[in-house]
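1. Return a 3D structure for these sequence lines:
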Amino acid sequence: MIRLSKYRGWRLSAILVLLMAQAPLSAHQVVVYQIVEMTVEPQNDRLVVGLHVPASVAGDPALTRLLQTGDEAALEEHLRIVGSDIARSLDIQQEEATLPAPVATVRPGADRASIDVVLRYDIAASNRELSARLNAFTSRDGLVRTVAHYRPAGRAVQTVSITGPATRIAFDPPVTRVLTSFAVRGLRALFDSSDYLLFYACVLLPTRRPRLILRLYAAAAIAQTAAMAIFVANEPAMAAWLPGATMAAASAIVIAAIQNIARARVRCVLYVTVVFAVLNGWTIGQSAASVAQFAGAHLSLAMLAFAAVVLTGELWLGALIWAFRTWLDDRGVPDRVLVLAGSVLVAHSAVHRVMERGHLVTQNGSFGGERAVTWLTLAWIAAILLVAAASAVRRGSGRAHAS
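-> So this is what the prediction gives:
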């Protein structure tokens, strides 16, 4: 019987390898952006806004030709119109009131393929509550990115990079607005990622004592918070491994389901919980890092608000799952039937996630992505073999004891 179980384990491993191999490899496509550089400098009662704009995104089809031909009279008229249009599209506000029309200066760029725009506004001397509508540019040559540098006197520079549709951005926002905004962003990130719901369902399917559940949550919260902080602090290095981390997180859900079926010890459940929390914190950390630029001078408080909402929300949702599980237990639902049926359903959903994310990782074509697929496949094979072997040994020892 032990030999037969090992053969089954090898068959399952071979099937898994074949399934993982179905994800086709393809070259990574690099997106090329048209870059609009912008500086915003408050100077007492004046605001100076400078822009370096590629001619292809300025909104005037004739501008590129005029910059090359050197028809200065026609070019000057077009530059004046373009400067006015850019000022209107920026819609710079102070304390939610649009500033009066600026004095605009527009010149051809040194490369004769772009223009330099300088806008001078009269503002209140407080230099507070400034905002602008960024990335209101379009181009037939590709996507547009606006990189804005806010340079207040005597304070750190705030850099904001925007792609996609036009978005209103507040420069150096007040702390109350930052806390509210990042609490909402944390709640959105919590519901955008549903991996933790599947994992919590696995962990809470077996009947466990509240003290053990709190212990698992505390370990997961610490690991997740650490992963989020590391991602925000070192986003470029961590982002390269994000696709592999999301795939591994889905694999951890499957392993948790296997643990339920095999009745794994609490120590093993704790290890898998910590690993999943790190991987899930990696994913949520990416959400936090992507919006960190909007925190202004209050980055630390913004990240605390973000993390607090995520952890509180996870605790609340976990409490709901535990309460529902307790309600089913009170209604006399057999524990083993519930654990087996629930684990199979969760594992089925998680396997699909592993395959989908494995496809994305291999599409990336990076060395890190390929290495992540290789190690994850080996981990899968090891997990299946261990479960098969443990089940076989348990059945063998049980029969020997009965005899």
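
2. Helices along this protein, start to end?
-> Assigned by DSSP state H, the chain shows helices spanning 2-20, 63-69, 72-90, 175-192, 195-204, 210-233, 235-239, 242-262, 266-291, 299-330, 335-364, 367-402.

3. Make JSON lines out of those and add mean neighbour count, distance to S114 and mean pLDDT.
-> Where you see a C-beta, it was placed from the backbone N, CA and C, and this is true even at glycine. Output for these, formatted as JSON lines (neighbours: other C-beta atoms under 10 Å; distance: least, C-beta to C-beta, whole Å; pLDDT from 0 to 100):
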{"stretch": "helix 2-20", "mean neighbour count": "14", "distance to S114": "47", "mean pLDDT": "42"}
{"stretch": "helix 63-69", "mean neighbour count": "17", "distance to S114": "8", "mean pLDDT": "84"}
{"stretch": "helix 72-90", "mean neighbour count": "16", "distance to S114": "11", "mean pLDDT": "89"}
{"stretch": "helix 175-192", "mean neighbour count": "17", "distance to S114": "33", "mean pLDDT": "89"}
{"stretch": "helix 195-204", "mean neighbour count": "23", "distance to S114": "44", "mean pLDDT": "86"}
{"stretch": "helix 210-233", "mean neighbour count": "17", "distance to S114": "34", "mean pLDDT": "91"}
{"stretch": "helix 235-239", "mean neighbour count": "14", "distance to S114": "27", "mean pLDDT": "80"}
{"stretch": "helix 242-262", "mean neighbour count": "23", "distance to S114": "33", "mean pLDDT": "83"}
{"stretch": "helix 266-291", "mean neighbour count": "21", "distance to S114": "28", "mean pLDDT": "88"}
{"stretch": "helix 299-330", "mean neighbour count": "17", "distance to S114": "32", "mean pLDDT": "89"}
{"stretch": "helix 335-364", "mean neighbour count": "17", "distance to S114": "32", "mean pLDDT": "77"}
{"stretch": "helix 367-402", "mean neighbour count": "15", "distance to S114": "36", "mean pLDDT": "56"}
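
4. now the ones you listed in a markdown table, with distance to L47?
-> Listed next are these as a markdown table, based on distance: least, C-beta to C-beta, whole Å:
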| stretch | distance to L47 |
| --- | --- |
| helix 2-20 | 56 |
| helix 63-69 | 26 |
| helix 72-90 | 11 |
| helix 175-192 | 20 |
| helix 195-204 | 44 |
| helix 210-233 | 30 |
| helix 235-239 | 30 |
| helix 242-262 | 38 |
| helix 266-291 | 25 |
| helix 299-330 | 24 |
| helix 335-364 | 42 |
| helix 367-402 | 44 |
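
5. Of all those, which one is nearest N44?
-> helix 72-90 (20.6 Å; C-beta to C-beta).

6. From the contact counts, what lies against that closest one?
-> On a contact count with 3 or more C-beta pairs under 8 Å, 6 or more residues apart in numbering; DSSP states H and E, helix 72-90 meets strand 46-54, helix 63-69, strand 103-108, strand 114-122, strand 130-134.

7. can you do 7 Å?
-> Packed against helix 72-90 by the contact rule (3 or more C-beta pairs under 7 Å, 6 or more residues apart in numbering; DSSP states H and E) you find helix 63-69, strand 103-108, strand 114-122, strand 130-134.

8. Just want the angle from it to strand 46-54.
-> With axes from the mean of the first three to the mean of the last three C-alpha atoms, to 10 degrees applied, the angle from helix 72-90 to strand 46-54 works out at 120 degrees.

9. tilt between helix 72-90 and strand 114-122?
-> Angle between the axes of helix 72-90 and strand 114-122 is 60 degrees (criterion: the same axes, to 10 degrees).

10. Centre of the chain to helix 72-90, how far?
-> 38 Å (C-alpha atoms, centre = their mean, to the nearest Å).

11. picking that back up, nearest to E37, of the helices of the chain?
-> helix 72-90 (13.0 Å).

12. send the alpha carbons of that closest one over as CSV?
-> Taking C-alpha atoms only, helix 72-90 is exported to CSV below (Å, rounded to 0.1, in the frame of the first residue of the first chain):
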residue,chain,number,x,y,z
GLU,A,72,8.6,81.7,-36.9
ALA,A,73,5.5,83.9,-37.3
ALA,A,74,3.2,80.9,-37.6
LEU,A,75,5.1,79.0,-34.9
GLU,A,76,4.7,81.9,-32.4
GLU,A,77,0.9,81.9,-32.9
HIS,A,78,0.6,78.2,-32.5
LEU,A,79,2.8,78.3,-29.4
ARG,A,80,0.6,81.0,-27.8
ILE,A,81,-2.5,78.9,-28.4
VAL,A,82,-0.9,75.7,-27.1
GLY,A,83,0.4,77.5,-23.9
SER,A,84,-3.2,78.7,-23.2
ASP,A,85,-4.6,75.2,-23.7
ILE,A,86,-2.0,73.7,-21.4
ALA,A,87,-2.8,76.3,-18.6
ARG,A,88,-6.5,75.5,-18.9
SER,A,89,-6.0,71.7,-18.8
LEU,A,90,-3.8,72.0,-15.7
